Structure formats: structure tokens, C-alpha cells
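In: sequence first, then the predicted structure:
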Amino acid sequence: MNATSPEPTGPEHATAPAGPGRIVLLTTSHRVAPGLLSWPAWQALRAADAVLCADGAHPQLPYLREAGIAVEQASPGAQELVDACAGGRTVVVVATGEGEPVLTDGLARLAGSGRVAMPELELLPASYDLPGARLLDLVQVMDRIRAECPWSSRQTHQGLAKYGIEEAYELVEAIEAGDRTELREELGDVLLQVVFHSRIAEEDPDAPFSVDDVAGGIVAKLIHRHPHVFGDEEAETPEDVKEHWLRTKAEEKRRSSVTEGVPLGQPGLALAAKLASRVRTAGLDVPLPQGEGIGYELLALAVHAEAAGVDPEAALRAAARAYRDGIRAAEGLPGGTPEEKAEDVPEETPEDRPEGTPGE
């Protein structure tokens, strides 16, 4: 504490007895660089009569000591801490990563007993997580798993490819089912694939890259393709956005054919619809190939659906789910009745949807 002048003495200067003091539990985030604390936290630390921390290796300690804060390594019990506040003293406890649950439980029991004059208790967050901070945890966990897990340490991009496809399908299923809990879980599984592949990519001897490179690439792409948000362009309607999108995408890709960038390994209906979308956007007049068999009939149906603003893959899945429910009903199982019809697939006009996605 700052030095003060000696207190005057005498009856005319008598003061009230000091209160029971104050306990400040100072929490920090390991996702924020050590030493970057809030101003209220620095004020509490400088004004405290004592600063305690149970973890001698706490990442904040070197920075606190560099700032002139004396920190004692100690882990007092609840009663000891209350006693340390006697006489109106303020004690700051720099919490460990677990948040000092034993200490806080002990203080709660003392307060609930009604037999102890409790100090003022304050929880003071000294640093806060920004949105997306838990992604740092995921990167750290993946790094450790890659190094220590016998299975994960042997995986390759090729070996994981099938899981990426499976997780994408499970995500689509959760979306179409409207299950929010499943949606959150499946988004996490898809995110894991991104982080896992990025971690593997760090080890490539010829062209390594990291998850930061992946994130940096998509950030740059999104900013470039949204000049109406990050630049001086203006866009008041979806049509304006589509115009910006197509122009910037054309500048980036410089494709010699509209078929470039269309993955041929995707499901057939989606492939047909994607090719039709590219043809429509480019203003080309390409007649459908003539041939016999169900394949050509499905191609024509997919092109017709795309022109009408219907995702043929989603439409067929909806119909297949209705068929699945009918089968279960015939078996006497829950899950639908034969009378249930496929859910209507939301339609968009071709003008409402820019060709392509942010990932292309």
C-alpha cells in the first residue's frame, strides 16, 4: 500500500473500529496474454494489504512482480483467509486455473453458518475471453493429442478424408432435423476435422501450413469478397451483393472454364445442380446431353430443380425420409406414418442466390 502520514491521536480523533475487511478473488484467462489485466484489477492489486497465489508457476506472477506487486505463494483455508482480513485488511487471491473451488466452498460454508463476521467478498475478473477464445483451447488440445495419442499421431490427410465426408453428412442431417443439440455437436465435429488436418499439415516437409494460415486465408477471402462491408463499395440489395461476389470471385479464380472448381466426387444430384448453376450464372446456352437411361432423366430433373430454385439433393433427402418413416410405420416402429409427406424444400429464385459459396 501507499505510505500514509501517522494518524493523529487523542479523543477528538477517535475512529470507529475497523471492519472485517475484504477478500478479492482475482480471476484471469489463460487465453489472454499474461500481464494484460483490467484497470480495476491493477487498482485492487496495488491497494491490497496482501496478495496471495497458491500456484508458484502462475503465468501472471512474473508480470505482477515486475509491476512492483509483492505476491506471496500461499493457499490458506477459508478461516485463515478470514482471519487475515481482520482489522479491515484487504487480501487479494490470484486464482489458479481451476478457480479455487475448495476455498470458495469453504467461504460459503462460513458465511452460511452465521457464526463468523465475514469480510466483504468480491469476484473480480482481471481478464476476459474474447469471442472465439475457446478455439485456442481446441488448437492446444489437438496439438497434445497429435503428439501423444497412438492413433491420432499416425493419421494422414488421406486417412481422415472419409471422416470429413461423414461429419458433413451428419451436420446436414442435424440441420434438416432441426435438432439444436445435435447441430452444435456436429458443428464441433466438422471443426475438429479442420483443426486436425491443419495440425497434420504443419508436419509436411515441403509445404507446411498451420491453422493460423487456414484462418488467415479465409479471413482475407471474406474481406476481399465483401467490399461493401470492408471497403468503399456500396450494396443495398442482395443483387448488389451478388454482383460484388461474382466480380471479386472472377478476379481471384481467373478460370478458363466454368466447370473448374466443381468437385466431381460430390453426390450426383448436387454435381448436376452445381454444373447447371455455373451454366446459368455464365449465361451459356448448353443443351442437355441426349441419352437413354435413368441417369439422363435424373440429370434433367436436377437441372430443372436448380432453375426453379430447389436443391435437388435436399428435396430427394426429404422424400427419402418420408419413405423411411413409412417403412418404420409398416414395421410397427415409431418414426412416422405412411401418410406423412416429405417436408417442403424452401425455394429460392435463381436471382436470390449468388452462385458459389464463401469457401469457393
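Out: Nice, thanks for sending it over. Note that this is a predicted model, so its numbers are computed, not measured.
In: buried set for the helix or strand of the chain with the lowest mean pLDDT?
Out: Least confident helix or strand of the chain, by mean pLDDT, DSSP states H and E, is helix 238-253 with a mean of 76. By neighbour count with 16 or more other C-beta atoms under 10 Å, helix 238-253 contains the buried residues V241, K242, H244, W245, L246, T248, K249. Quick note: C-beta positions are derived from backbone N, CA and C, even for glycine.
In: equivalent analysis for stretch 131-150, please.
Out: Within stretch 131-150, the residues that count as buried by 16+ other C-beta under 10 Å are L138, V139, M142, R146.
In: in contact with the residue nearest to the spatial centre of the chain, which residues?
Out: Taking C-alpha atoms, centre = their mean, the centroid of the chain lies closest to G132, which sits 4.8 Å from it. For G132, the contact set (C-beta atoms under 8 Å, 6 or more residues apart in numbering) is empty.
In: state the distance from it to A215.
Out: From G132 across to A215, the span is 10 Å (C-beta to C-beta, to the nearest Å).
In: circling back to that earlier point, so which elements touch the least confident helix or strand of the chain?
Out: Applying 3 or more C-beta pairs under 8 Å, 6 or more residues apart in numbering; DSSP states H and E, one finds that helix 238-253 contacts helix 211-224, helix 227-230.
In: check contacts around L124.
Out: With C-beta under 8 Å, 6+ apart as the criterion, the residues that contact L124 are V24, L25, L26, T27, P40, A41, A44.
In: what segments of this structure are helices?
Out: With helices called from DSSP state H, the chain shows them at 39-47, 61-66, 78-84, 101-113, 134-148, 157-177, 180-201, 211-224, 227-230, 238-253, 268-282, 294-307, 312-330.
In: would you single out the least confident of those helices?
Out: Of all the helices of the chain, mean pLDDT reaches its minimum on helix 238-253 (a mean of 76).
In: so which of the buried residues of stretch 131-150 comes closest to I200?
Out: Closest to I200 out of those is R146 (7.4 Å), distances taken as C-beta to C-beta.
In: what's the spacing between the closest residue to E243 other than its chain neighbours and A57?
Out: In this structure, E243 finds its nearest non-sequential neighbour in A235, 8.0 Å apart by C-beta to C-beta, 6 or more residues apart in numbering. Note on A235: its distance to A57, by C-beta to C-beta, is 52 Å.
In: between those two, which has more neighbouring residues?
Out: A235 (16 against 9; other C-beta atoms under 10 Å).
In: the residue nearest to I223 when sequence neighbours are not counted and S210, how far apart?
Out: Leaving aside its chain neighbours, I223 sits nearest to F230 (4.7 Å; criterion: C-beta to C-beta, 6+ apart). Relative to S210, F230 is positioned 24 Å away (C-beta to C-beta).
In: can you check T90 too?
Out: Distance from T90 to S210, by C-beta to C-beta: 44 Å.
In: between the two, which is the more surrounded one?
Out: Neighbours per residue (other C-beta under 10 Å) separate T90 from S210, with T90 holding more: 20 against 13.
In: contacting residues around the residue nearest to the more buried one when sequence neighbours are not counted?
Out: Closest residue in space to T90, ignoring its immediate chain neighbours: R22 at 4.4 Å, by C-beta to C-beta, 6+ apart. Neighbouring residues of R22 by C-beta under 8 Å, 6+ apart: C85, R89, T90, V91, P119, E120, L121, E122.
In: cutoff 7 Å now
Out: Shown in contact with R22 (C-beta atoms under 7 Å, 6 or more residues apart in numbering): C85, T90, P119, E120, E122.
In: beta partners of the residue lying closest to the last one once chain neighbours are set aside?
Out: Take E122 and drop its neighbours on the chain: the residue closest to it by C-beta to C-beta, 6+ apart is V24, 4.9 Å away. In this structure, V24 has the following beta-bridge partners (DSSP bridges): V92, E122.
In: so who does V24 touch?
Out: Contacts for V24 (C-beta under 7 Å, 6+ apart) come out as A44, T90, V92, E122, L124.
In: before we move on, back to that, nearest to G332 among the buried residues of stretch 131-150?
Out: Once C-beta to C-beta is applied, the member of these that ends up nearest G332 is L138, at 43.9 Å.
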